[in-house]
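> sequence and predicted model, in that order:
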Amino acid sequence: HLATSLPLPSERDHLRPRMDLIVFMIDIKSKYSLKNVEASLAHVDASFFLGKVCFLVTGVGRVNACSIETNAVCKLGEAYCSPVLFCELELEGIRAATAQRLLRMLQICAGHIPGVSALSFVSLMRNSDDD
């Protein structure tokens, strides 16, 4: 399911399936994109940030067209203890690899990979120099 921002409309709550992973997409060429994500973050329960949220940054192949510094997005990931994935959607190989990574993350978050929890997965993704 896709949404352009949060909160989701409450009139369909009873029909909405369980959410296993929230992927916030940020277009690095649009400051509005980052502002929209930042505003939406306030509507996510704090417990969800324990392994069930990630940030997907698109448009990274065009450094000269960037409106957002990658450092700002990395700080957002650090502040919310959530992984940040960088992707160029226009390149088929990178798009496919990113889709595979997101699918694997979803499988873990949904509990379909025995012995791996969303929280343990995120702790594995953290840089060792964060310690």
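Ah, there it is. Numbering: from 1, shown residues only.
> does anything pack onto the helix or strand harbouring Lys75? Which helices or strands?
Element membership for Lys75 (DSSP states H and E) is helix 70-79. When contacts are defined as 3 or more Cβ pairs under 8 Å, 6 or more residues apart in numbering; DSSP states H and E, helix 70-79 sits against helix 31-41, strand 53-58, strand 84-87. The C-beta positions use only the backbone N, C-alpha and C, and glycine is treated the same way.
> for these, which one sits closest to Ile108?
Closest to Ile108 of the helices and strands packed on helix 70-79 is strand 53-58 (Cβ to Cβ; 11.1 Å).
> the closest one - what's its average pLDDT?
Averaged across strand 53-58, pLDDT comes to 93.
> report the angle between it and helix 31-41.
On the basis of axes from the mean of the first three to the mean of the last three Cα atoms, to 10 degrees, strand 53-58 is oriented at 170 degrees to helix 31-41.
> and strand 53-58, C-alpha only, in CSV?
Extracted in CSV, the C-alpha atoms of strand 53-58 (Å, rounded to 0.1, in the frame of the first residue of the first chain):
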residue,chain,number,x,y,z
VAL,A,53,11.1,1.8,9.4
CYS,A,54,13.7,2.7,6.7
PHE,A,55,14.4,5.7,4.5
LEU,A,56,14.8,5.2,0.8
VAL,A,57,16.7,8.0,-0.9
THR,A,58,16.1,8.3,-4.7
